[in-house]
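1. the amino acid sequence is not available; the structure is as follows:
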């Protein structure tokens, strides 16, 4: 059994595991199974196969409903940015899933525990296990806490240009003055967080947080657009 | 409104539509919308985006549960064979969905109504509409009637070799006599159906139907394997 995982999920995500077998498989690499042939263990690949499809649907459904006017091409590109190795490996790290992976000794030496492709697989496998154990509503609740907020934190902002959209919206009745100002920034240099505000003719119309100033500005512009009911 | 569709779905699949808007969009091509600008119509692409993900999950879940011993690589290849343009366009034709598509005049002349890529899109869009209108259980019920039986009818048999599996299973205790015989065949040359049986030491142990003799034999071998609880 994966030690500490049940408590970790309970304390941080309010998840009470019903069947630990799913999670044991989801966090076990083939190399560990090969080193422990007597234990008849299962490894993560089948659960990952399912979890991948669960994530595709949950993210698709969220984007479809949140952006009722967005054309299919843009939805697909945004989904591809969210459902990818880069994102999933970051989610896995954020959830401390790397600490629970059962790896063979050779893979451990090769630093597989920090390899983005493995972290991505484990995140998908966890989603598959959660789906089998608890059903879709719990998966949606989990990714509503872990994945969807990243959209407003600017993680996928290369797919939006809210600043341009806000400018176009406010300028439709003629010239206007739009400015962005820092409210605060904090954290170490390699993991800094910024909070920015956007001013329209001197009045604050939105605030946003991001890991770069530009991302925080995009988030602030997005908040303003929501106020104007453009988004 | 798409004329006749509600009755078609009710009579053939027991589906009682709640919100026709989803289906109107799912069966409408952009070219038709462009020709009817005053009607403010929606077209199928967004619903297709969602339906694609719904199909991925439903098929993944079905395969995952039906083949509890199948490794991930094989599951992925089988899913890819089922969730593809070739399959979906055939399902769309079988469900007579081609008859309900709203097309612009130019596309109609180009015979888009019979184009596999469009038929595939429409099938996915219909699944998306059904999911939005009725939820996942109704989608699963629908594809349990339309899609999953094709697995036992040999549509995806290039991914299995049940005949070899049966032979290996029966030969494990020594030599044996396995024979395949035709029970009947019917239909026109370009759409012929075969029913084959498999005999083990002279006794029938399975029957199967397919569009080729080989596919019917594979289906018969698959039935026999199920009897022996190998599958």
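-> Done, it's in. Predicted model, so just to flag it, every value in this text is computed and none were measured. Numbering: from 1, shown residues only, chains lettered A, B, ... in the order given.

2. return the helix or strand in chain A with minimum mean pLDDT.
-> Least confident element among the helices and strands of chain A, by mean pLDDT, DSSP states H and E: helix A:162-170 (a mean of 83).

3. the residue lying closest to residue A:146 once chain neighbours are set aside is in what secondary structure piece?
-> Using Cβ to Cβ, 6 or more residues apart in numbering or on different chains and skipping residues adjacent in sequence, the residue nearest residue A:146 is residue A:91, 5.7 Å away. To be clear about C-beta, it is placed using only N, CA and C from the backbone, and glycine gets the same treatment. Assigned by DSSP states H and E, residue A:91 belongs to helix A:85-94.

4. coming back round to it: same question for the very next helix or strand once past the least confident helix or strand of chain A: list its buried residues.
-> Next helix or strand after helix A:162-170 toward the C-terminus (DSSP H and E): strand A:178-186. Buried residues in strand A:178-186, defined by neighbour count with 16 or more other Cβ atoms under 10 Å in any protein chain shown: A:178, A:180.

5. what is the very next helix or strand once past strand A:178-186 packed up against?
-> Of the helices and strands lying after strand A:178-186 in sequence (DSSP H and E), the nearest is strand A:193-200. On a contact count with 3 or more Cβ pairs under 8 Å, 6 or more residues apart in numbering or on different chains; DSSP states H and E, strand A:193-200 meets strand A:178-186, strand A:203-210, helix A:213-227.

6. okay, those, which one's buried deepest?
-> Greatest average neighbour count among the helices and strands packed on strand A:193-200 goes to helix A:213-227 (a mean of 22), per mean count of other Cβ atoms under 10 Å in any protein chain shown.

7. what's the mean pLDDT across the helix ranked longest in chain A?
-> For chain A, the helix with the greatest residue count under DSSP state H is helix A:45-66. With pLDDT averaged residue by residue, helix A:45-66 scores 97.

8. is the helix or strand just after that helix in proximity to chain B?
-> Next along the chain after helix A:45-66, taking DSSP H and E as the criterion, comes helix A:72-82. Yes. Counting by Cβ under 8 Å from any Cβ of the partner chain, chain B is contacted by helix A:72-82 at A:72, A:75, A:76, A:79.

9. what comes up buried for the helix holding residue A:91?
-> A:87, A:88, A:89, A:90, A:91, A:92.

10. which other helices and strands does the helix or strand that comes right after it contact?
-> Counting by DSSP H and E, the next helix or strand C-terminal to helix A:85-94 is helix A:105-109. Other helices and strands packing on helix A:105-109, by 3+ Cβ pairs under 8 Å, 6+ apart, are helix A:30-35.

11. distance from the helix it packs on to the middle of the chain?
-> 29 Å (Cα atoms, centre = their mean, to the nearest Å).

12. what helices and strands are in contact with the strand or helix carrying residue A:124?
-> Secondary structure from DSSP H and E places residue A:124 in helix A:116-134. Judged by 3+ Cβ pairs under 8 Å, 6+ apart, helix A:116-134 is in contact with helix A:20-26, helix A:45-66, helix A:85-94, helix A:136-146.

13. give me the angle between that helix and helix A:85-94.
-> Interaxial angle, helix A:116-134 versus helix A:85-94 (axes from the mean of the first three to the mean of the last three Cα atoms, to 10 degrees): 70 degrees.

14. what's next to helix A:116-134, contact-wise?
-> Here helix A:116-134 makes contact (Cβ atoms under 8 Å, 6 or more residues apart in numbering or on different chains) with A:15, A:17-19, A:22-23, A:25-27, A:29, A:44-52, A:54-55, A:84-86, A:88-89, A:91-93, A:95, A:97-98, A:101, A:112, A:138-139, A:142-143.
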